[in-house]
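Asker: missing the sequence, but the structure's below:
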Ligand SMILES: C[S@@+](CC[C@H](N)C(=O)[O-])C[C@H]1O[C@@H](n2cnc3c(N)ncnc32)[C@H](O)[C@@H]1O
């Protein structure tokens, strides 16, 4: 998953076109400030290529990121000069400092395979919160909200660099896991058309599993439904 530079490049171009990163960052900032009005620092866990971080930097005095994939982090560091980007696993990281807010966006937590992994990740994120600090985790879908055999498509042309991408994904159910098979056609002026594919597996953790992981980490916990078919947010305030 996102281990090659090409995979990170395709991700970066595709999702800038597919998602409203600035709008999402503004909405999450609102959710954080409603619970901690003076929040000035933010850590983005599984920050990917840093697109949310670039937007969060407009709302917070200080931001930092954590990411497992070297290729994704390399793109993030090209995007964000002067922003600390840490290499690490969300289940085990230890940065030796605390933040007013910690976020984990775009269902990245769904890449974890077990409830134990989920608990370790929420605990690690919560350890990095100052007292009164806010954790915001965007979950993957729940067992009752995932639509099996879902087909999704997207195509774009990136004007200035003459690059084209087409993405087709098919998501099926494997036990409590979503198996998402994704095919990409990528074209640029130098290489012509290339094909790559990947299979991502995201766990359909229950609402109860998220809530329990938050409560066991000492967080006052709530779920906010953000509507429009999105998975919403689990929010926790460190007591
Ligand atoms: C769907 S992408 C989201 C990236 C970014 N948050 C965004 O919104 O564009 C999922 C990200 O989670 C990262 N990831 C997966 N498992 C991880 C783990 N255990 N620890 C840290 N990052 C992880 C992947 O490398 C990838 O960058």
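Answerer: Cool, got the structure. Nothing here was measured: the structure is a model prediction, and the numbers come from that model.

Asker: who touches residue 128 in this structure?
Answerer: 43, 93, 95, 97, 98, 99, 102 (C-beta atoms under 8 Å, 6 or more residues apart in numbering). C-beta: built from backbone N, CA, C; applies to glycine.

Asker: Compute the number of surrounding residues for the fourth one.
Answerer: What it means is residue 97. 11 (other C-beta atoms under 10 Å).

Asker: what's the spacing between the least confident helix or strand in the chain by mean pLDDT and its chain's center?
Answerer: Lowest on mean pLDDT, DSSP states H and E among the helices and strands of the chain sits helix 5-18, with a mean of 92. In terms of C-alpha atoms, centre = their mean, to the nearest Å, the centre of helix 5-18 is found 14 Å from the chain centre.

Asker: Check stretch 35-42 too.
Answerer: 20 Å.

Asker: What are the buried residues along it?
Answerer: Neighbour counts over stretch 35-42 (16 or more other C-beta atoms under 10 Å) mark 35, 36, 39, 41, 42 as buried.

Asker: check contacts around the residue in the chain that the ligand sits nearest to.
Answerer: Taking C-beta to the nearest ligand atom, the ligand has its nearest neighbour within the chain at residue 48, 2.6 Å off. Residues near residue 48 by C-beta under 8 Å, 6+ apart: 2, 11, 67, 69, 72, 76, 106, 108.

Asker: Ok, residue 185 next?
Answerer: Here residue 185 is in contact with 164, 165, 166, 193, 194, 195 (criterion: C-beta under 8 Å, 6+ apart).

Asker: any chance of the residues you listed in a markdown table, plus distance to residue 227?
Answerer: Listed next are the contacts of residue 185 as a markdown table, based on distance: C-beta to C-beta, whole Å:
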| residue | distance to residue 227 |
| --- | --- |
| 164 | 32 |
| 165 | 28 |
| 166 | 29 |
| 193 | 38 |
| 194 | 37 |
| 195 | 36 |
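
Asker: out of those, who has the most neighbours?
Answerer: residue 165 (21 neighbours).

Asker: bridging residues for that residue?
Answerer: On the basis of DSSP bridges, residue 165 is bridged to residue 156, residue 186.

Asker: Do I have it right that it meets residue 153?
Answerer: No. Taking contacts as C-beta atoms under 8 Å, residue 165 lies outside contact range of residue 153: 11.3 Å.

Asker: Which members of the buried residues of stretch 35-42 are the farthest-apart pair?
Answerer: 35 and 41 (14.6 Å; C-beta to C-beta).

Asker: Flag every buried residue along stretch 168-181.
Answerer: 169, 171, 177, 178, 180.

Asker: What helix or strand is the second one located in?
Answerer: Element membership of residue 171 [criterion: DSSP states H and E] is strand 163-174.

Asker: and that strand, what does it pack onto?
Answerer: helix 5-18, strand 150-158, strand 177-188 (3 or more C-beta pairs under 8 Å, 6 or more residues apart in numbering; DSSP states H and E).

Asker: Show me what from the chain comes close to the ligand.
Answerer: Within the chain, the positions adjacent to the ligand are 2, 15, 46-48, 51-52, 67-69, 72, 89-91, 105-106, 108, 111 by C-beta under 6 Å from any ligand atom.

Asker: residue contacts, the residue nearest to residue 29 when sequence neighbours are not counted?
Answerer: In space, and not counting its chain neighbours, residue 29 is closest to residue 59: 4.3 Å by C-beta to C-beta, 6 or more residues apart in numbering. Residues in contact with residue 59 (C-beta under 8 Å, 6+ apart) are 25, 26, 29, 42.
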